[in-house]
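Peer 1: okay, sequence plus prediction incoming.
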Amino acid sequence: MKFLVLPEPLELTYRLQKGIKVYGFVQVTSKPYEGESISHYLGRWRRYEVNSLSSSGGLGRFAGIGAVTARWEKFRFYHFPTQKELKAVSKVMEMDLEELIATLPTKDQPMKLEPIRLCAACYSDRPYHRLEWQFKSTAGCDRHKLRLLSKCPSCGERFPVPAKWIEGRCNNCGMKYSSMAKRQKPY
Ligand SMILES: [Zn+2]
Ligand SMILES: [Zn+2]
């Protein structure tokens, strides 16, 4: 059995709400959240203390498929993940193949590589990047009826790839993602 250390108290709260087994501040596994993008999930997974993979390609190399996971973290799917690659990675991550596939777009879903987009209202509900924000067809957040942000509303800095979202604030001016909702326009 593998024990992972939770990096953020927020995750603990979320897991308790979802009824996922929690052993104090240690839990047994790390599943993707509902609608979580592959980039955000891989970054989060790599930072778990027992995994501690600092390089974005490290996971793929460890799985014996080369550094392709570095491209996945950037939503670069011109070479779409093959079943073999996904199997190898899900095995290393000790997760179900279907769970990993759920963090990916389908092959025919056109994606926006950039800018990385954000519904700050969703983020303030639960702090992670949703895959659907990068769909070309997504114009706004249906839940909040708000347009997505494609840069920091305070200083104009672009958002980094979600794998690097650690503190949930603008790298340049420090504005919290969760407080950007008031700057989103209705849609
Ligand atoms: Zn939203
Ligand atoms: Zn900023």
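Peer 2: Arrived safely, thanks for sending. Numbers count the residues shown, from 1 in each chain. Ligands and ions are numbered 1, 2, ... in the order given.
Peer 1: what sits against Gly57?
Peer 2: Neighbour list for Gly57: 66-70 [criterion: Cβ atoms under 8 Å, 6 or more residues apart in numbering]. From N, CA and C alone the C-beta is placed, and that goes for glycine too.
Peer 1: and it, how far is that from Arg76?
Peer 2: In this structure, Gly57 and Arg76 are 12 Å apart, going by Cβ to Cβ, to the nearest Å.
Peer 1: OK, contacts around Lys84?
Peer 2: Applying Cβ under 8 Å, 6+ apart to Lys84 gives the contacts Ile65.
Peer 1: in the host helix or strand of it, what counts as buried?
Peer 2: Take DSSP states H and E as the rule and Lys84 turns out to sit in helix 83-92. By neighbour count with 16 or more other Cβ atoms under 10 Å, helix 83-92 contains the buried residues 85-86, 88-90, 92.
Peer 1: same question for stretch 135-150.
Peer 2: For stretch 135-150, using 16+ other Cβ under 10 Å, the buried residues are 138, 140-141, 144, 146, 148-149.
Peer 1: get me the contact residues on the chain for ligand 2.
Peer 2: For the chain, the contact set with ligand 2 under Cβ under 5 Å from the ion comprises 152, 154-155, 157, 170, 172-173, 175.
Peer 1: can you get me the start-to-end distance on stretch 157-176?
Peer 2: Start and end residues of stretch 157-176 are separated by 13 Å (Cα to Cα, to the nearest Å).
Peer 1: centre of the chain to that stretch, how far?
Peer 2: On the basis of Cα atoms, centre = their mean, to the nearest Å, stretch 157-176 sits 13 Å off its chain's mean C-alpha point.
Peer 1: which other residues reach it?
Peer 2: For stretch 157-176, the surrounding residues in contact (Cβ under 8 Å, 6+ apart) are 37, 39-40, 42-44, 46-47, 56, 73-75, 114-118, 123, 127-129, 149-155, 177-178.
Peer 1: can I get the buried part of those residues as one PyMOL selection?
Peer 2: Only the buried members of those enter the following PyMOL selection, criterion being 16+ other Cβ under 10 Å:
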select buried, resi 37+39+40+42+43+44+46+56+73+75+116+117+118+123+127+128+129+149+152+153+177
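Peer 1: looking at the contacts of stretch 157-176, which are in strands?
Peer 2: Under the assignment DSSP state E, those contribute nothing to strands.
Peer 1: which among the contacts of stretch 157-176 are in contact with ligand 1?
Peer 2: Among the contacts of stretch 157-176, no residue lies close to ligand 1 (Cβ under 5 Å from the ion).
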